[in-house]
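In: Need coordinates for the following:
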Amino acid sequence: MSLKRRQKISPAFSMSSMTDLIFLLLIFFMITSTMVSPNAIKVLLPQGSEQTSAKPMARVIIDKDLNYYGAFGNEDEMPLALDEVPSFLQECAAKEPEMYVALYADESIPYREIVRILNIANENHFRMVLATRRPDKQN
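Out: Next up, the predicted model:
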């Protein structure tokens, strides 16, 4: 009496290992994205209690020596003159019409410099976000 083993191969594909891999990749990218610093220029930001969840696309930076810099997305900051800021922001808006503009201004600069940038944004209908630092974070 010969007994044959019946080995049935299941046509179903198990996705459990694939979901584990995707979950690990998600955790990896979430951790590494928080380590990226959006500004390489040292600016001492004023403190603020509220934080916005808007993701800015364009950045305008004013350092303590009243030098202007601009950057779009993950690009490096490039020096700008005050009269070049409107054209820079319009170029950024052409790339991404629904962008936010983040203003990183050192806390020691005169208020009129901030108002100049806010006026430029208002004239061109850009949405502005003023960058601040959290009270528990020191630069």
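
In: ok so Ile61 is a strand residue?
Out: Yes - counting by DSSP: H, G, I helix; E, B strand; the rest coil, Ile61 falls inside a strand.

In: got a pLDDT number for Ala93?
Out: Note on Ala93: pLDDT of 87.

In: mind checking the SS state of it?
Out: Three-state assignment for Ala93 (three-state DSSP): helix.

In: Now it. Nearest residue, chain neighbours left out?
Out: Met99 (6.2 Å; C-beta to C-beta, 6 or more residues apart in numbering). All C-beta spots, glycine's among them, are computed from the backbone N, C-alpha and C.

In: Could you count how many residues lie near the one you found?
Out: Other residues within reach of Met99, judged by other C-beta atoms under 10 Å, total 20.

In: what do you get for Met15?
Out: 9.

In: can you check Tyr69 too?
Out: 21.

In: ditto for Pro97
Out: Neighbours of Pro97 using other C-beta under 10 Å come to 8.

In: how far away is it from Leu80?
Out: According to C-beta to C-beta, to the nearest Å, Pro97 stands 21 Å off from Leu80.

In: okay, the lowest-mean-pLDDT helix or strand in the chain in CSV with CA atoms only?
Out: Ranking every helix and strand in the chain by mean pLDDT, DSSP states H and E puts strand 127-130 at the bottom, with a mean of 82. Only the C-alpha atoms of strand 127-130 are listed here, as CSV (Å, rounded to 0.1, in the frame of the first residue of the first chain):
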residue,chain,number,x,y,z
ARG,A,127,0.0,83.4,1.9
MET,A,128,2.6,84.3,4.5
VAL,A,129,3.7,82.4,7.6
LEU,A,130,5.9,84.1,10.2
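
In: What pairs with it, parallel or antiparallel?
Out: Paired neighbours of strand 127-130 in the sheet (DSSP bridges): strand 100-105 (parallel).

In: Could you tell me the angle between the next helix or strand after the strand it pairs with and strand 100-105?
Out: Using DSSP states H and E, the helix or strand that follows strand 100-105 in sequence is helix 111-123. Orientation check (axes from the mean of the first three to the mean of the last three C-alpha atoms, to 10 degrees): helix 111-123 against strand 100-105 gives 170 degrees.
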